[in-house]
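What follows is a predicted structure for the sequence shown.
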Number of protein chains: 2
Amino acid sequence: MVQGKGISQAVIGRLPRYYRYLNTLCNAGTERISSQELSKLMHVTASQIRQDLNHFGGFGQQGYGYNVAYLKEEIAKILGMDTTKHVIVIGAGNLGKALLNYPNFSKNGFSFTGVFDSDPAKVGKSIGTLTVEDVKELPQYLKEHQVDIAVLTVPREGAEANARLLVESGVKAIWNFAHVDLEVPADVQVENVHLADSLMKLSYNYSAARK
Amino acid sequence: MVQGKGISQAVIGRLPRYYRYLNTLCNAGTERISSQELSKLMHVTASQIRQDLNHFGGFGQQGYGYNVAYLKEEIAKILGMDTTKHVIVIGAGNLGKALLNYPNFSKNGFSFTGVFDSDPAKVGKSIGTLTVEDVKELPQYLKEHQVDIAVLTVPREGAEANARLLVESGVKAIWNFAHVDLEVPADVQVENVHLADSLMKLSYNYSAARK
């Protein structure tokens, strides 16, 4: 398989959506689909679909379309979901709990192996099969365990110090929910979910449509 | 003030980030800032900042820069945050609770006025100052109350039926956390937060950087 190096983040950002639709089709028993049919379903042009997938080698056959199960598996591989990712969560509040309890993550190869908090009232409590550990134990934990992805669901104030600790301990991917842009070295991948930004954008579109 | 009609979603998507930085500057007591300084802070080019803000009338003065408090207020107005938005949450799980307890939303003009769930174990429970109501009461609630934004934090299976009910009841903005793309009329604004998509994108970038 051709691995897409230097692919734009816009293309990468669309891959999970392809995966989601292919997964739904697969579960519904659909074996193959043309780019035209997929285009209708996803409300994107067939040419966009072909262009996006061509970055990774194509996968379609003229006159046959796409083999749904195969394409789904290939996109999963591209997204790195064919190998288990060990994920820890820092911040055991409602948002941290929501992510830990999200059933689809583990199905897709993301294995939550630890959860940490600084609040003594939360330390020792169970979330699913995990027990909340004191964030003071995190440096030692990071020495002893492979961590692929760390999730930051802490308030803005604690986020930067936690990010520094993660980076110093060799963690290379941070899923950041804190309402701040983290400063990290170039070899550390950060994906931000800025919920307030998303709500403000909706507020704009709602307000603009009513003028 | 020039209201930006027909502005691209990319520009709109950057406004909340400007707001966030200006708010931090404001809280730190900074009175004015040049586009060069703001550019350094935000890691975007000064020309991008000027271009983005020019869509709405500029706000800067040659040789003076931007008045931080004024620019922050103007961006708040553009984002519709100068009028209170009444927000309800459908789905009182951990994610719904996290959003209801997020202190910054109310500060920014988003007032949570109702929360609904179909689970009898959740109905009647308190979340902050609200009491979880049975989702069966939602149609009646929507008749009697002004709702600007509805937040969908329900599983994928229930999302589409809830979205239909909201649309039929005249709700014009949906903040959708369900892992599905909603089909709504063109005058209904939807902003999606697809958490699994975001994690998959991070997984891709992490995996690609290690090859």
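Perfect, I can see it now.

Is any residue of the helix or strand of chain A with the lowest mean pLDDT near chain B?
Within chain A, no helix or strand scores below helix A:103-107, which has a mean of 85 by mean pLDDT, DSSP states H and E. Yes. Against chain B, helix A:103-107 shows contacts by Cβ under 8 Å from any Cβ of the partner chain at A:104-105. (Glycine included, C-beta is placed from N, CA and C.)

buried stuff in the helix or strand following that helix?
Using DSSP states H and E, the next helix or strand after helix A:103-107 towards the C-terminus is strand A:110-117. Across strand A:110-117, burial judged by 16 or more other Cβ atoms under 10 Å in any protein chain shown covers A:110, A:112-117.

from the residues you listed, which two are the most distant?
A:110 and A:117 (19.9 Å; Cβ to Cβ).

Format the buried residues of strand A:110-117 as CSV; extra columns: pLDDT and distance to residue B:87.
Shown next, in CSV, are the buried residues of strand A:110-117 (pLDDT from 0 to 100; distance: Cβ to Cβ, whole Å):
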residue, pLDDT, distance to residue B:87
A:110, 96, 30
A:112, 97, 30
A:113, 97, 35
A:114, 98, 33
A:115, 98, 29
A:116, 98, 31
A:117, 97, 27
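
ok, and of the residues you listed, which contact chain B?
Restricting these to those near chain B - Cβ under 8 Å from any Cβ - leaves residue A:110.

okay, the buried residues of strand A:110-117 in TSV with distance to residue A:211 next?
Shown next, in TSV, are the buried residues of strand A:110-117 (distance: Cβ to Cβ, whole Å):
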residue	distance to residue A:211
A:110	42
A:112	45
A:113	49
A:114	48
A:115	45
A:116	46
A:117	44
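
Could you list the domains of chain A?
Following automatic domain parsing, chain A resolves into domains at A:9-78, A:85-197.

Tell me which of those lies nearest to residue B:36.
Using Cβ to Cβ, the domains of chain A put domain A:85-197 closest to residue B:36, at 18.3 Å.

Now the helix or strand hosting residue A:89: buried residues?
Using DSSP H and E, residue A:89 maps to strand A:85-90. For strand A:85-90, a neighbour-count test (16+ other Cβ under 10 Å) marks A:85, A:87-90 as buried.

now could you export just the CA positions of stretch A:192-201 as CSV?
The C-alpha atoms that make up stretch A:192-201 are tabulated as CSV, following Å, rounded to 0.1, in the frame of the first residue of the first chain:
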residue,chain,number,x,y,z
ASN,A,192,-7.0,20.1,19.5
VAL,A,193,-10.7,19.9,20.3
HIS,A,194,-11.5,23.4,21.3
LEU,A,195,-15.1,23.1,22.3
ALA,A,196,-15.7,26.7,23.0
ASP,A,197,-14.4,27.7,19.6
SER,A,198,-16.8,25.2,18.0
LEU,A,199,-19.8,26.7,19.9
MET,A,200,-18.8,30.2,19.0
LYS,A,201,-18.6,29.3,15.3
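
sorry, back to before: deepest of the domains of chain A, which one?
Looking across the domains of chain A with neighbours counted as mean count of other Cβ atoms under 10 Å in any protein chain shown, the highest average goes to domain A:85-197: a mean of 18.

measure that one end to end?
28 Å (Cα to Cα, to the nearest Å).

Look up how far chain B lies from residue A:123.
Residue A:123 is 18 Å from chain B, where distance means Cβ to the nearest Cβ, to the nearest Å.

Three-state assignment for that residue, please.
What DSSP: H, G, I helix; E, B strand; the rest coil gives for residue A:123 is coil.

Return the per-residue confidence for the nearest residue to it once chain neighbours are set aside.
Nearest residue to residue A:123, sequence neighbours excluded (Cβ to Cβ, 6 or more residues apart in numbering or on different chains): residue A:134, at 4.8 Å. Among the per-residue scores, residue A:134 holds a pLDDT of 98.

In chain A, which helix is the longest?
When chain A is parsed with DSSP state H, its longest helix is helix A:9-27.

Just the CA trace of that helix, in PDB.
Taking C-alpha atoms only, helix A:9-27 is exported to PDB below (Å, rounded to 0.1, in the frame of the first residue of the first chain):
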ATOM      1  CA  GLN A   9      -4.300  17.900   6.600                       C
ATOM      2  CA  ALA A  10      -7.500  18.700   4.800                       C
ATOM      3  CA  VAL A  11      -7.300  15.300   3.100                       C
ATOM      4  CA  ILE A  12      -6.300  13.500   6.300                       C
ATOM      5  CA  GLY A  13      -9.200  15.200   8.100                       C
ATOM      6  CA  ARG A  14     -11.600  13.700   5.600                       C
ATOM      7  CA  LEU A  15     -10.400  10.100   5.900                       C
ATOM      8  CA  PRO A  16     -12.200   9.300   9.200                       C
ATOM      9  CA  ARG A  17     -15.400  10.400   7.600                       C
ATOM     10  CA  TYR A  18     -14.800   7.900   4.700                       C
ATOM     11  CA  TYR A  19     -14.100   5.300   7.400                       C
ATOM     12  CA  ARG A  20     -17.300   6.100   9.200                       C
ATOM     13  CA  TYR A  21     -19.500   5.700   6.100                       C
ATOM     14  CA  LEU A  22     -17.700   2.600   4.900                       C
ATOM     15  CA  ASN A  23     -18.100   1.100   8.300                       C
ATOM     16  CA  THR A  24     -21.900   1.800   8.200                       C
ATOM     17  CA  LEU A  25     -22.100   0.300   4.700                       C
ATOM     18  CA  CYS A  26     -20.100  -2.700   5.800                       C
ATOM     19  CA  ASN A  27     -22.400  -3.300   8.800                       C
END
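
helices or strands up against the next helix or strand along the chain from it?
As assigned by DSSP H and E, the chain's next helix or strand after helix A:9-27 is strand A:32-33. Under the contact criterion of 3 or more Cβ pairs under 8 Å, 6 or more residues apart in numbering or on different chains; DSSP states H and E, strand A:32-33 touches strand A:66-67.
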